[in-house]
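A.B. asks: Have a look; sequence and predicted model below, questions after that.
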Amino acid sequence: MSKFFYKGKIEKKPKYSSYGFSTNRETRPGTEDAPLQLVMPSESRAEEIQALLNTHELYAEIEINADKPEDISELDALITTPKTTTVEKTPGRNDPCSCGSGKKYKKCCG
């Protein structure tokens with residue numbers, strides 16, 4: 001049947017911008033686009049934190065104010081990310097036993 005005899009609604013193609021990969025990524029904290037906001041009570045403490053930022057390749061705006069308490073919670077959250085724990089794999093039935101007896105695992109400790 002040709003398009004001249006079709007009596008339904010003609011649907012337009014969807015816009016390609018709404019599908020696929022997101023080109024508008026969120027900016028990560030600690031980069032040049034989104035620096036961390038840190039408050040330090042003294043200049044010497046600010047130098048210590050700046051050295052720590054340089055080792056981790058992070059960027060921050062450090063405000064030195066003796067009236068406010070030290071606030072480095074954003075920095076702590078980025079540096080102390082939890083590490084993945086790995087568990088040692090148990091040997092298969094026909095693998096040598098891990099106790100060192102030389103027997104198969106199924107005959108010794110399994």
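C.D. replies: Yep, that arrived.
A.B. asks: What helix or strand is the most centrally placed residue in the chain located in?
C.D. replies: When the chain is reduced to its mean C-alpha position, the nearest residue by C-alpha atoms, centre = their mean turns out to be Thr81, at 8.2 Å. Taking DSSP states H and E as the definition, one finds Thr81 inside no helix or strand.
A.B. asks: do the same with Gln50
C.D. replies: According to DSSP H and E, Gln50 maps onto helix 43-55.
A.B. asks: immediately after that helix, which helix or strand?
C.D. replies: Counting by DSSP H and E, the next helix or strand C-terminal to helix 43-55 is strand 60-64.
A.B. asks: now that next one, how far from the centre of its chain.
C.D. replies: On the basis of C-alpha atoms, centre = their mean, to the nearest Å, strand 60-64 sits 24 Å off its chain's mean C-alpha point.
A.B. asks: Okay, buried residues for the next helix or strand after that strand please.
C.D. replies: The first helix or strand that comes after strand 60-64 along the chain, using DSSP H and E, is helix 73-79. For helix 73-79, the neighbour count (16 or more other C-beta atoms under 10 Å) marks Glu74, Leu75 as buried. Every residue, glycine included, has its C-beta placed from N, CA and C.
A.B. asks: And the helix holding Gln50, what does it pack against?
C.D. replies: In terms of contacts (3 or more C-beta pairs under 8 Å, 6 or more residues apart in numbering; DSSP states H and E), helix 43-55 is packed against strand 36-40, strand 60-64, helix 73-79.
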